[in-house]
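Undergrad: below are the sequence and a predicted model for it; my questions follow.
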Amino acid sequence: MQYGETAGLAGLREVVAAHEAARVGRPVAPSEVVVTSGSQQALDLLARAVVDPGDPVVVEDPAYVVALQVFQAAGADLHTVPLDAEGMDLDALEGLLRGGLRPRLVHTVSSFRNPRGVTMSQARRARLAEFADRYGLLVVEDDPYGLLAFDGAPPRPVAAYGDRVVRLGSASKILAPALRVGWLTGPAPVAAAVERLRQCADLCGSTLTHAIAAELLADGPWLAGHLHRLRTDGAARARVFTAGVDSAFGTAAVRSEAAGGMFCWLEFRDGTDTDALLQRALARGVAFVPGSAFSVSRPRTDAARCCFATLSAADLQEAVTRLAGAWRDPVARGSA
């Protein structure tokens with residue numbers, strides 16, 4: 001119940017280091033781990049450590065909204081790279097780099113992305129790590145969902161292909177958000193800078209929740225069974241939601257493939273304004289996040305991020321029914 005080390009409880013750092021080493025396929029020392037209050041604090045501290053006002057930072061578009069807030073607060077000059085079904089468009093990124101852009105950071109949510117739902121292919125992961133080496137940039141691999149692959153095979157991280165990668169992880173999606181346990185692993189100078197800033201921010205985390213997380217993450221058989229249940233339940237929920245969407249909207253909306261994680265991204269092809277749709281959906285007791293919340297370079301008022309992770313099958317079916325009812329309202333679809 002006392003204060004702990006700024007970098008996190010030693011036992012938890014050891015467990016995280018072992019988990020990260022298994023993911024990336026090389027040794028990770030506990031000294032390379034900084035435990036934070038969720039991975040969001042890790043991202044904020046990292047931005048403070050390496051980004052000065054005016055520094056260029058590359059983000060995916062549509063972007064994780066709270067990452068945008070972090071980089072905007074740091075005064076970064078944001079540059080966007082589009083996404084497709086295989087994740088970040090690296091041809092577009094290479095075009096920026098060949099044109100002379102030298103970003104301080106390239107931020108990617110590599111697996112089952114929030115909000116777009118896509119996962120970066122292995123070939124692109126290797127290529128992104130090669131870009132980091134060739135151009136001397138730092139990749140931030142935000143990976144809270146990688147262990148939630150519905151087929152049980154977590155994608156190999158970008159960090160497995162190179163050393164200029166900072167990984168952000170979290171217990172929120174696999175254990176409990178209320179633990180407020182996240183972590184950063186990466187090059188020693190970066191980890192040391194983040195640790196110093198962590199001390200300024202809140203001195204240390206909760207040794208109690210660190211001990212709980214360490215015990216759960218260290219129990220291999222329990223964790224394997226728990227992750228299997230999460231994946232099985234998540235896959236079942238995703239099937240119910242996507243089947244409902246396909247039936248309700250047909251060709252009027254294109255959705256992402258839900259192969260893991262928590263989200264499905266819808267893009268309407270019939271002129272639906274999702275900002276207007278949200279108000280009518282709320283009136284019917286169902287909610288989503290409109291695409292405009294994730295916009296960087298262009299409006300995304302035709303898109304919506306839906307989370308299927310916490311509702312029962314019956315509630316998901318009812319949610320889609322209510323959303324479809326709001327969508328059929330002619331005002332929401334842009335006509336008088």
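TA: Here it is on my side, so go on.
Undergrad: and the helices in the protein?
TA: In the chain, the segments counted as helices under DSSP state H are 10-24, 38-50, 65-73, 90-98, 122-135, 188-202, 207-218, 220-249, 274-283, 313-328.
Undergrad: comparing those, which comes out most buried?
TA: Mean neighbour count (mean count of other CB atoms under 10 Å) peaks for helix 38-50 among the helices of the chain, with a mean of 22. Every residue, glycine included, has its C-beta placed from N, CA and C.
Undergrad: who touches it?
TA: With CB atoms under 8 Å, 6 or more residues apart in numbering as the test, helix 38-50 has contacts from 34, 36, 66-67, 70-71, 73-74, 76, 104-105, 138, 140, 142, 144, 166, 168-170, 172, 177, 180-184, 190, 193-194, 197-198, 201.
Undergrad: next: stretch 23-31.
TA: By CB under 8 Å, 6+ apart, stretch 23-31 touches 10, 13-14, 16-18, 20-21, 146, 154, 156-157, 159-160, 167, 185, 188, 191.
Undergrad: list the buried residues in that stretch.
TA: Residues of stretch 23-31 classed as buried by neighbour count (16 or more other CB atoms under 10 Å): R23, V24, V28, P30.
Undergrad: how far away is the first one from A304?
TA: Remark: distance between R23 and A304 (CB to CB, to the nearest Å) = 31 Å.
Undergrad: same check on T80?
TA: Distance, T80 to A304, by CB to CB: 20 Å.
Undergrad: swap in K173?
TA: In this view, K173 and A304 are 21 Å apart by CB to CB.
Undergrad: can you check I212 too?
TA: 35 Å.
Undergrad: before we move on, what about A67?
TA: According to CB to CB, A67 and A304 sit 19 Å apart.
Undergrad: what's the answer for P30, then?
TA: Note on P30: its distance to A304, by CB to CB, is 42 Å.
Undergrad: for this structure, give me the ranges with low pLDDT.
TA: 330-336 (pLDDT under 70).
Undergrad: and the protein, what are its domains?
TA: For the chain, automatic domain parsing gives the domain ranges 10-218, 223-328.
Undergrad: any chance of these in a markdown table, with distance to M1 too?
TA: Converted to a markdown table, the domains of the chain look like this (distance: least, CB to CB, whole Å):
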| stretch | distance to M1 |
| --- | --- |
| domain 10-218 | 7 |
| domain 223-328 | 26 |
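Undergrad: out of the ones you listed, which gets nearest to Q2?
TA: Nearest to Q2, of all the domains of the chain, is domain 10-218, at 6.8 Å by CB to CB.
Undergrad: what is the end-to-end distance of the closest one?
TA: End-to-end distance for domain 10-218: 13 Å, by CA to CA, to the nearest Å.
Undergrad: separation between A201 and Y64?
TA: Noted for A201: a distance of 21 Å to Y64, by CB to CB.
Undergrad: repeat for V58
TA: Counting by CB to CB - V58 and Y64 are separated by 13 Å.
Undergrad: looking at those two, which one has more neighbours?
TA: V58 (26 against 22; other CB atoms under 10 Å).
Undergrad: partner residues bridging the more buried one?
TA: Counting by DSSP bridges, V58 is bridged to H79, V106.
Undergrad: give the contact list for it.
TA: Counting by CB under 8 Å, 6+ apart, V58 has contacts L78, H79, T80, V81, L93, L96, L101, P103, L105, V106, H107.
Undergrad: 6 Å - rerun?
TA: Contact analysis of V58 by CB atoms under 6 Å, 6 or more residues apart in numbering lists H79, V81, P103, V106.
Undergrad: list just the nearest of those residues to E267.
TA: Comparing the contacts of V58 against E267 with CB to CB places V81 closest, at 18.1 Å.
Undergrad: how about D315, what does it touch?
TA: So D315 contacts nothing (CB under 6 Å, 6+ apart).
Undergrad: how much space between it and A236?
TA: Distance, D315 to A236, using CB to CB: 13 Å.
Undergrad: next one: A309
TA: Distance of A309 to A236, given as CB to CB: 11 Å.
Undergrad: same check, this time on S256
TA: Separation of S256 from A236 (CB to CB) stands at 18 Å.
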